[in-house]
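Undergrad: Return a 3D structure for these sequence lines:
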Amino acid sequence: MKYRMMLILAILSISCAVWLLGENRALKQVNKQLIIEKAELVDQYFDLQHEYEKVWMENFKLTEK
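TA: Numbers count the residues shown, from 1 in each chain. Next up is the predicted model:
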């Protein structure tokens with residue numbers, strides 16, 4: 001009886017460990033995708049900021065004329 005219980009616990013422990021390793025891999029992949037998306041958004045933000053500065057300066061020049 002004791003041997004059977006230990007065997008069941010060992011199988012459950014190994015299956016939980018395998019499941020957690022798979023979950024960890026999936027979360028690492030999602031994290032990598034989110035990091036890439038964040039970097040793209042930061043690039044877009046700086047591009048828009050630069051474009052805004054150019055438009056603002058053009059507006060400033062036109063209002064002075």
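
Undergrad: What count of nearby residues applies to Leu20?
TA: 10 (other Cβ atoms under 10 Å). Bear in mind the C-beta positions are built from the backbone N, C-alpha and C, glycine included.

Undergrad: give the contact list for it.
TA: Applying Cβ atoms under 8 Å, 6 or more residues apart in numbering to Leu20 gives no contacts.

Undergrad: Which secondary structure element is home to the residue most central in space within the chain?
TA: For the chain, Leu34 is the residue whose C-alpha lies nearest the centre (Cα atoms, centre = their mean; 2.2 Å). Using DSSP states H and E, Leu34 falls within helix 2-64.

Undergrad: Report the mean confidence score over that helix.
TA: For helix 2-64, the mean per-residue pLDDT is 95.

Undergrad: For the residue nearest to the centre of the chain, give its distance to Lys28.
TA: 11 Å (Cβ to Cβ, to the nearest Å).

Undergrad: any residues in contact with both of these two?
TA: If you check Leu34 and Lys28 against Cβ under 8 Å, 6+ apart, no residue is contacted by both.

Undergrad: What about Gln44, how many residues nearby?
TA: 10.

Undergrad: Please apply the same query to Asn24.
TA: Neighbour count of Asn24, defined by other Cβ under 10 Å: 10.

Undergrad: what does the one 3 residues further on give?
TA: With neighbours defined by other Cβ under 10 Å, the count for Leu27 comes to 10.

Undergrad: Kindly report the same for Glu40.
TA: 10.

Undergrad: Any figure for the gap between it and Leu27?
TA: Glu40 is 20 Å from Leu27, where distance means Cβ to Cβ.

Undergrad: now His50
TA: 35 Å.

Undergrad: again with Lys38
TA: For Lys38, the distance to Leu27 - Cβ to Cβ - is 16 Å.

Undergrad: again, but for Met5
TA: Note on Met5: its distance to Leu27, by Cβ to Cβ, is 32 Å.
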